[in-house]
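Participant: what's the 3D shape of this:
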Amino acid sequence: MVFKKMLGAFRVGGPSVDAVLSNPNTRPGLMLAGQVNLTGGSHDVEIDHVTVGLVTRVEMEGAEEEYDAFVEFHRVGVASGLLLREGQHLSLPFQVQMPWETPVTDLHGQHLHGMTMGLRTEVAIRGAVDKGDLDPVHVHPLPVQERILNAFGQLGFQFKGADLERGHISGLHQTLPFYQEIEYYAAPQYAHAANEVELTLVAGEHGVDVVLEFDKRGGLFTGGHDSFGRHHAAHADADRVDWAAQVDTWVRLAIDHHQSPHTGHGYGQPEYGYGRPVDHAPPPGYSGGHHEEHHERRGPGMGAVAAGVAGGAALGFAGGMVADEVFDSFGEDEDEDEG
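Facilitator: All right, here's what the predicted structure looks like:
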């Protein structure tokens with residue numbers, strides 16, 4: 001990657017910056033490593049600090065409408081108090097610990113339509129702050145998350161889209177100001193009771209909390225309803241459980257008991273009533289970007305077509321936008337924000 005951006009806030013002849021990731025593919029809980037390359041301009045400059053931050057697109061709820069905003073949800077300092085001389089090259093290594101709750105953006109080489117994730121570099125010189133480059137980051141699921149996602153495809157659910165919702169889910173411990181919803185069209189064997197399902201996988205150090213929300217639209221003489229279920233899957237059980245059978249059990253329990261609240265825990269004992277965010281206030285320390293018009297992603301389309309086969313079963317995911325296309329528009333939005 002070439003040095004692609006002169007830092008405009010620091011006048012003509014200022015330094016340029018570029019972040020290079022050792023490997024843009026990662027998982028929640030792992031390290032993302034790379035280096036920030038600085039090239040001095042036509043004069044010496046004193047750099048206050050260099051930071052890198054993880055940025056994603058989150059669906060927000062305004063007073064009158066929904067819109068998307070860029071949110072920086074994790075930041076790491078790279079260096080501070082540097083003197084960058086005229087024409088000098090500096091390479092500053094960094095490591096970013098990916099939060100456990102980092103949303104998934106890719107599965108089996110397929111980009112999840114609706115997801116955007118990038119690393120943004122920021123340089124401050126004498127109080128003036130300028131963004132460097134924005135590089136795509138591909139977050140792959142943890143093993144137990146992958147097994148659960150595969151199970152939905154094996155059962156016949158068809159991927160619809162994914163997004164991030166601002167807020168927290170009742171009853172779950174969350175550190176990030178948003179949660180991911182992966183949406184599916186219901187498999188034929190469940191279509192009598194649900195039209196769509198929203199899957200949320202909140203990872204932690206020891207396992208993953210699984211939240212299911214099923215939507216059944218009302219008919220001419222019947223009202224619609226939502227069904228909820230919450231479960232926990234341990235990381236250690238990724239290869240010990242028949243996940244297709246387990247997910248089928250979860251789905252049928254939620255559908256059969258949507259009007260009968262129960263509590264419990266473990267794979268076969270769901271907790272109901274966990275599925276709706278209860279806190280939409282931005283948590284302290286979170287940084288939101290500019291607003292943009294929210295485009296409705298509902299309705300059938302190419303996202304409803306199975307994209308591949310793994311272990312003999314369709315995964316239920318379609319290609320959607322490839323990462324380069326996502327970040328072409330992502331970068332343009334960032335530049336417009338700077339303007």
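Participant: what are the ranges of the helices in the stretch 1-150 of the chain?
Facilitator: For the stretch 1-150 of the chain, the helices defined by DSSP state H, counting those that start in this stretch occupy 143-154.
Participant: low-confidence ranges, it, go.
Facilitator: Along the stretch 1-150 of the chain, the parts satisfying pLDDT under 70 run over 1-12, 62-64, 132-133.
Participant: quick one: the strands in it?
Facilitator: Per DSSP state E, counting those that start in this stretch, the stretch 1-150 of the chain carries strands over the ranges 5-6, 16-21, 25-26, 31-39, 45-61, 66-84, 89-97, 106-107, 110-111, 117-125, 128-136, 138-139.
Participant: so can I have JSON lines of these showing distance to V210?
Facilitator: All C-beta atoms are positioned from the backbone trio N, CA, C, and that covers glycine. Below are those laid out as JSON lines (distance: least, C-beta to C-beta, whole Å):
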{"stretch": "strand 5-6", "distance to V210": "41"}
{"stretch": "strand 16-21", "distance to V210": "30"}
{"stretch": "strand 25-26", "distance to V210": "22"}
{"stretch": "strand 31-39", "distance to V210": "25"}
{"stretch": "strand 45-61", "distance to V210": "21"}
{"stretch": "strand 66-84", "distance to V210": "22"}
{"stretch": "strand 89-97", "distance to V210": "24"}
{"stretch": "strand 106-107", "distance to V210": "16"}
{"stretch": "strand 110-111", "distance to V210": "21"}
{"stretch": "strand 117-125", "distance to V210": "21"}
{"stretch": "strand 128-136", "distance to V210": "27"}
{"stretch": "strand 138-139", "distance to V210": "18"}
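Participant: closest one to D248 among the ones you listed?
Facilitator: D248 lies closest to strand 106-107 among the strands of the stretch 1-150 of the chain, at 19.9 Å (C-beta to C-beta).
Participant: re the thing from before, of the strands of the stretch 1-150 of the chain, which is nearest A238?
Facilitator: Closest among those, using C-beta to C-beta: strand 106-107, at 14.8 Å.
Participant: ok, that closest one: who's next to it in the sheet?
Facilitator: Within its sheet, strand 106-107 is paired with strand 110-111 (antiparallel), according to DSSP bridges.
Participant: hmm, back to that, let me have the strands of the stretch 1-150 of the chain in TSV, adding mean neighbour count and distance to D237 as columns.
Facilitator: As requested, the strands of the stretch 1-150 of the chain are exported to TSV (neighbours: other C-beta atoms under 10 Å; distance: least, C-beta to C-beta, whole Å):
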stretch	mean neighbour count	distance to D237
strand 5-6	18	45
strand 16-21	20	31
strand 25-26	16	22
strand 31-39	19	24
strand 45-61	20	28
strand 66-84	17	28
strand 89-97	15	24
strand 106-107	22	19
strand 110-111	20	25
strand 117-125	22	27
strand 128-136	19	31
strand 138-139	21	22
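Participant: noted, bye for now.
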